[in-house]
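>>> next come a sequence and a model predicted from it.
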Amino acid sequence: MSVLPDKALLSVLRGERQTMAPRWMMRQAGRYLPEYRALRADKGGFLELVYDSAAAAEITLQPLRRFGTDRDGLHAAILFSDILIVPYAMGQKLWFEAGEGPRLAPTLLDSTLDALTPDYSRYDAIYETVRQVKAQLAPETTFLGFAGSPWTIATYMVAGQGSKDQAAARRMAYAEPERFGAIIDAIVAATVPYLIGQIDAGVDAVQLFDSWAGSLSPQQFTRWVIAPNKAIVEQIRAARPGVPIIGFPKGAGAKLVDYARGTGVDALGLDETIDPAWADAALPKGLPVQGNLDPLVLIAGGKALDDAVDSILAAFRGRPHIFNLGHGITPETPIAHVEHMLKRLGQAA
């Protein structure tokens, strides 16, 4: 039997500290699981899976079936989808190049927002996935939806693909701030109804992923990360009061303090570069935090993994804490190491 109350992870997002930290893993539904690889081989490419609601629901539930939802299991499901569904619905073409990642066209370097024809029916299959998962989800398990944050989405829309330094979007933001600001505003306007739709379909909370937040200077971070995320938080809170919102500005470092205060998120995700002891001392008292095990130490296993788990739990013992990775689990992660980590977390209570 579980030692956690129903939806313990949701209670942490609402500011309640649990004796045992509930947990989930970023990208917990995906390529490290043989059952996922088998389904993908049967169904086809990544986008085809996302738009097959029955398959996407199955993938969302796979890690919960494998690891369970009790003391030594996982305590949240994260919707299987992709952050680039928003620009796809805004009118860009979206496809995935094998071994290279996503592509968007036309790029906003070479085109304008006016050239795009939005098709918000492209959200419908995602909402159907949410409904199918919700119908099968154990009552004790929290269900998380998500979207990409405007800065990160804009970097893909401008360049048409990911890059190491997001130079194309950064140059546009400096040289043409009004043009870039219009892109950010359009992404906010497309993201808010998308997240509200996920909430209405059945998710309990949502996360905003800002994967490239770490590439910005402090002034640009305030303008292109804090301000648009604040706008999303305020609009969702007004439309659907009481639904927790997690912010995850990867690479933000010391700017996390300003992000937490400026955006008004209910909980803050921490990447693996953040010292947990610093975070506990610097962040607003009582703010729930999520994180922040290095995905590579999960691959390494052994004493390094045990020490890292114990250090994170010790640092956040006095505040609401959800145990998670500092970023997504990698495909080569041994499942036995995940099982060991979950068991150690269960024993730590």
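All right, it came through fine.

>>> just the helices in the stretch 151-300 of the chain please.
In the stretch 151-300 of the chain, the helices defined using DSSP state H, counting those that start in this stretch lie at 167-175, 177-201, 218-221, 227-239, 256-263, 276-282, 295-300.

>>> in TSV: these, plus mean neighbour count and distance to residue 208.
(Glycine included, C-beta is placed from N, CA and C.) As requested, these are arranged in TSV below (neighbours: other C-beta atoms under 10 Å; distance: least, C-beta to C-beta, whole Å):
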stretch	mean neighbour count	distance to residue 208
helix 167-175	17	17
helix 177-201	19	8
helix 218-221	14	15
helix 227-239	18	6
helix 256-263	20	8
helix 276-282	16	18
helix 295-300	18	20
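
>>> between those helices, which one is closest to residue 38.
Smallest distance to residue 38 across the helices of the stretch 151-300 of the chain (C-beta to C-beta): 21.9 Å, for helix 295-300.

>>> rewinding a little: of all the helices of the stretch 151-300 of the chain, which one comes closest to residue 316?
helix 276-282 (5.9 Å).

>>> now the closest one: mean pLDDT?
In this model, helix 276-282 has a mean pLDDT of 98.

>>> and if you look at stretch 9-22?
In this model, stretch 9-22 has a mean pLDDT of 96.

>>> and it, how far apart are its ends?
End-to-end distance for stretch 9-22, by C-alpha to C-alpha, to the nearest Å: 5 Å.

>>> what's the residue nearest to residue 252 when sequence neighbours are not counted in contact with, if anything?
On the basis of C-beta to C-beta, 6 or more residues apart in numbering, the spatially nearest residue to residue 252 that is not a chain neighbour turns out to be residue 213, at 5.1 Å. Under the criterion of C-beta atoms under 8 Å, 6 or more residues apart in numbering, the contact partners of residue 213 comprise 149, 151, 152, 221, 225, 249, 250, 251, 252, 255, 259.

>>> most widely separated two among these?
Taking C-beta to C-beta as the measure, those reach their widest spread between 152 and 255, a distance of 15.0 Å.

>>> looking at these two, which is more packed in?
More neighbours sit around residue 152 than around the other of residue 152 and residue 255, counting by other C-beta atoms under 10 Å; the figures are 27 against 20.

>>> isn't that one right next to residue 214, touching?
No: using C-beta atoms under 8 Å, residue 152 and residue 214 do not qualify as a contacting pair, with a distance of 10.5 Å.
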